[in-house]
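Novice: Give me a 3D structure for the following:
(chains A and B)
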Amino acid sequence: MAVLKTEQLTYVYSQGTPFEKTAIDHVNLEINEGEIIGIMGHTGSGKSTLIQHFNGLLKATSGKIYLDGKDIWADKSEIRSVRFKVGLVFQYPEYQIFEETVYKDIAFGCKNMGLDEAEIKRRVIETAYDIGLPEEILEKSPFELSGGQKRLVAIAGVMAMNPRVLILDEPSASLDPAGRDRIFDCIKAYHKKTKNTILIVSHSMEDIARFADRILVMNNAGVFCFDETEKVFSRAEEISKIGLDVPQITKVFLELKKYGLDFGKKVYTVEYAKELILKNLRERGIVC
Amino acid sequence: MLKDITIGQYFPMNSVIHRLDPRFKIVITLIFIVMLFTGESFICLGISAVYTLIAVLLSRIKFKMFMKSIKPLMPFLLITAVLNLLFMGDGEVYFHWKFIKITSDGINVSVFMIIRIVLLIMGSSLLTYTTSPITLTDAVERLLSPLKRFKFPVHELAMMMSIALRFIPTLIEETDKIISAQKARGAEIDTGSITNRAKNMVSILIPLFISAFRRADELATAMECRCYNGGEGRTRLRQLKSKLRDYTALSVTILFFVCVILLNIFI
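Specialist: Residues are numbered from 1 along each chain as shown, chains lettered A, B, ... in the order given. Here you go, the predicted model:
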């Protein structure tokens, strides 16, 4: 069953002024329970506006949005509970940190949910452990941590709320490769453990290709395509035309095809490429 | 909600008022304010109102924009009016209850005060609406430059002013982002009880201060990288030159001011 569903979702900024701009235009989507969705699209394509609708931070100009088949705006006073079910981690989430200790900052969301002390403690410690934050860090001030660690703390704060849908806006922006891998490993581990639905906005095709089940490509306030990862990257040329990139390894294989080396399959991760090449070599009787 | 703030907003257009020398505009605005507060009768106020209206029409900025700048000061206006209305003692008594009485003087004074403040806001908004912050600070620097002789840090003051103005929109945007982020974590910011809201203000203010300090630090470094070392020997891209229209505008303003003074003396 679809956990999130949008129907003709439209949002217009500054309606009725000369600055009027349609950020998302009649978007229809269905996101299934437990999926990992990658969201791509260049700046201004409406990604950030779209994800802020999922937890009710923005209210659509027209159209509906359903969480578990229920219209999230059916009861306006219930919108806060939607925010606990759909956790949103903004871009550069480390800038929202404010508490004196890491523990308190991770606990902030849980506290707002009205959980009791024992449950909060259990969740904070568990999330910190899962995400790989050493326990002695919990009593430190978050402002003493490194940039990458701060970001992990901010993400942990939302994960601890155990939302059914976790949305992350560019979780790896401006981190070094090691920090980026660490963030994605954490998200992957979190998904494995909780089976919650995850939506990730990212510019890094490599990262999305590695673990998204389906990819949503946004362009000009609308859905350009929304399909399985493999199918999306098989449309490499169209995607390049709207100013986005496909993974480098996909480009390599597309180029190889031009030289007559057709592997017959779409390649979008380096691991898969290695496997495919080795298999091919073996078939031809070459062992290395 | 934060987008409604219009303080320091500039509407780039090409009217006569926009083209005036900013130094003259500042002086004219000062004369205008003095004029407003020297006028003691409704006739004087009428003259100031006519003056404001002409200036507003010449600027070709929509009247709605001025209403927008008055709106946030409405509570202040109302309180002034109500206090004057209730506690002004003299004149004909219309209504009396315990220590409260409404008199003809009270009504007169409160209406007078409201008009005066509205005109004040409109006149001063006109200055910021028609002058870009950069030229405005340039003009302040030039106007205050004689004070340099007394070791007054004129350039530093102007630089601080322009940096402050420059960062208003940035910080508003930042605040919006932080509010959204805390709301996403379930903080009650525009709903819930007042005590809860007040507590949650902390979750907005701390990140905002931290980011403001961070920005200040980065800006200082960036300025130093470009060898900024104060106002000594700096040349400017835009030279301010006074023209005939600037002197005309100043003369007209002084004329109005003299009228108000004369009316004050003879009526």
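Novice: which parts of the stretch 151-288 of chain A sit against chain B?
Specialist: When proximity is defined as Cβ under 8 Å from any Cβ of the partner chain, the stretch 151-288 of chain A approaches chain B at A:157, A:158, A:161. In short, each C-beta sits where N, CA and C put it, glycine included.
Novice: closest to residue A:238 among those residues?
Specialist: Of all these, residue A:238 sits closest to residue A:158, with 33.8 Å by Cβ to Cβ.
Novice: and the closest one, what element?
Specialist: Taking DSSP states H and E as the criterion, residue A:158 maps to helix A:147-159.
Novice: try residue B:94
Specialist: strand B:93-97.
Novice: tell me what the helix or strand just after that strand is packed against?
Specialist: As assigned by DSSP H and E, the chain's next helix or strand after strand B:93-97 is strand B:100-103. Using 3 or more Cβ pairs under 8 Å, 6 or more residues apart in numbering or on different chains; DSSP states H and E, the elements in contact with strand B:100-103 are helix B:74-87, strand B:93-97.
Novice: CA atoms only for strand B:100-103, dumped as CSV, please.
Specialist: Coordinates of the C-alpha atoms in strand B:100-103 are reproduced here as CSV (Å, rounded to 0.1, in the frame of the first residue of the first chain):
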residue,chain,number,x,y,z
ILE,B,100,-11.7,58.2,33.0
LYS,B,101,-13.2,61.1,31.1
ILE,B,102,-13.4,61.8,27.4
THR,B,103,-13.1,65.4,26.6
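Novice: right, and the helix or strand after it?
Specialist: Next along the chain after strand B:100-103, taking DSSP H and E as the criterion, comes helix B:104-130.
Novice: what distance separates that next one from the centre of its chain?
Specialist: Per Cα atoms, centre = their mean, to the nearest Å, the displacement of helix B:104-130 from the mean C-alpha position of its chain is 13 Å.
Novice: Would you mark the buried spots in it?
Specialist: Neighbour-count burial for helix B:104-130 flags B:105-107, B:109-110, B:112-113, B:115-123, B:125-130 (criterion: 16 or more other Cβ atoms under 10 Å in any protein chain shown).
Novice: Tell me the spacing between the closest residue to chain B within the stretch 1-150 of chain A and residue B:192.
Specialist: When you check the stretch 1-150 of chain A against chain B by Cβ to the nearest Cβ, the closest residue turns out to be residue A:112, at 3.3 Å. Using Cβ to Cβ, to the nearest Å, we find residue A:112 at a distance of 10 Å from residue B:192.
Novice: Check residue B:101 too.
Specialist: From residue B:101 over to residue B:192 (counting by Cβ to Cβ), the distance is 42 Å.
Novice: Start and end of stretch A:12-26, how far apart?
Specialist: Stretch A:12-26 has an end-to-end distance of 11 Å (Cα to Cα, to the nearest Å).
Novice: now that stretch: how far from the chain's centre is it?
Specialist: Its chain's average C-alpha position is 25 Å from that of stretch A:12-26, according to Cα atoms, centre = their mean.
Novice: Likewise for stretch A:193-209?
Specialist: When distances are taken as Cα atoms, centre = their mean, stretch A:193-209 is centred 4 Å away from the chain's centroid.
Novice: and that stretch, which residues are buried?
Specialist: Neighbour-count burial for stretch A:193-209, with 16+ other Cβ under 10 Å as criterion, is recorded at A:194, A:196-202, A:204-209.
Novice: do stretch A:1-21 as well
Specialist: Residues of stretch A:1-21 classed as buried under the neighbour-count rule (16+ other Cβ under 10 Å) are A:2, A:3, A:4, A:5, A:6, A:7, A:9, A:10, A:11, A:12.
Novice: what's the span of it from first residue to last?
Specialist: Note: stretch A:1-21 ends 33 Å apart using Cα to Cα.
Novice: Name the residues that touch it?
Specialist: For stretch A:1-21, contacts defined as Cβ atoms under 8 Å, 6 or more residues apart in numbering or on different chains pick out A:22-33, A:49-50, A:53-54, A:58, A:60-69, A:86, A:164-165, A:197.
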